[in-house]
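In: Give me coordinates for this.
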Amino acid sequence: MINDKSKALLEQMRIDADEYFESLYKRFNDDYRVFADVLDSFNRNTKTQPEFAFRDFWQQKYASYPIESELCNWTFELFNNLKRFYSGGVFELFKTKQVEWGAPPIRIKREDVPTNSDIEQLEDEVTIYRGLSPDEFESKNFAQSWTIDYETARRFTHEIYKDKIQGIVVKAIVPRNKVIYFDASDNEQEVIIEYGSVKIAEIFAPTKAIKPVS
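Out: Modelled structure (predicted):
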């Protein structure tokens with residue numbers, strides 16, 4: 001679907017190229033080629049503001065597609081992801097991606113995060129929460145961004161899923177050695193865990209936890 005150079009770039013960004021383009025093909029059919037074109041033609045050294053550089057790209061190559069279309073919005077998010085990656089590496093990309101605009105999963109690794117982490121301040125067994133979609137819960141393919149603060153997870157659920165199918169908060173417990181980054185000064189109390197660390201999670205409410213998944 002894409003050339004080797006673009007595939008290698010996505011791998012550097014910690015994006016599974018095959019998974020990403022298979023999902024794009026399912027959603028946009030043959031128009032998935034637009035995303036490959038962005039990867040092939042992106043200029044990492046451009047001084048133009050991202051929105052203007054992208055608008056020029058779109059008008060030159062894909063003017064027949066509406067600028068307000070989902071295809072355009074998702075393509076613009078890939079363009080922004082490239083800017084974030086070249087600006088601050090995988091860590092900035094992971095922290096600032098916009099999933100609701102079609103950003104692919106970023107599976108960050110321990111070597112991608114800053115070394116000034118506060119992991120040692122956590123308990124040996126860390127209770128973590130995540131606001132997510134029912135689809136993610138049922139798949140058990142949990143993402144890496146969690147929080148040790150239930151209220152943050154609850155707020156995220158209400159903000160992100162307010163216009164979609166209702167989100168849920170889940171709770172899990174992981175050993176501290178599975179946490180790859182924690183900043184104690186972060187007001188969201190985010191913990192980033194190794195991909196695949198959570199095998200069991202349960203829907204959580206302040207007074208009770210129900211429906212375990214294993």
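
In: hey, let's count contacts and neighbours off CA atoms from now on
Out: OK.

In: Distance from the chain centre to stretch 37-45, please.
Out: 21 Å (C-alpha atoms, centre = their mean, to the nearest Å).

In: Sorry, wrong one. I was asking about stretch 143-155.
Out: Per C-alpha atoms, centre = their mean, the centroid offset for stretch 143-155 relative to its chain is 14 Å.

In: Could you do stretch 43-60 as well?
Out: Distance, centroid of stretch 43-60 to centroid of chain: 23 Å (C-alpha atoms, centre = their mean).

In: Kindly report the same for stretch 72-92.
Out: 11 Å.

In: Can you give me the buried ones in that stretch?
Out: 72, 74-85, 89-92 (16 or more other C-alpha atoms under 10 Å).

In: just stretch 182-194 next, same as before
Out: F182, D183, E188, Q189, E190, V191, I192, I193, E194.

In: do the same with stretch 140-159
Out: In terms of neighbour count (16+ other C-alpha under 10 Å), stretch 140-159 has its buried residues at 142-150, 152-154, 156-158.

In: Return the subset of those lying in helices.
Out: Y150, T152, A153, R154, F156, T157, H158 (DSSP state H).

In: which residues of this structure fall in helices?
Out: 4-12, 17-28, 33-41, 50-61, 70-96, 134-139, 150-160.

In: so what are the domain limits for this structure?
Out: 4-107, 113-213 (automatic domain parsing).

In: avg pLDDT for the longest one?
Out: I take that to be domain 4-107. Throughout domain 4-107, pLDDT has a mean value of 90.

In: how far does it stretch from start to finish?
Out: By C-alpha to C-alpha, to the nearest Å, the extent of domain 4-107 from end to end equals 20 Å.

In: can you tell me how far the most centrally placed residue in the chain sits from K7?
Out: The C-alpha lying nearest the average C-alpha coordinate of the chain belongs to P105 (C-alpha atoms, centre = their mean; 4.5 Å). In this view, P105 and K7 are 15 Å apart by C-alpha to C-alpha.
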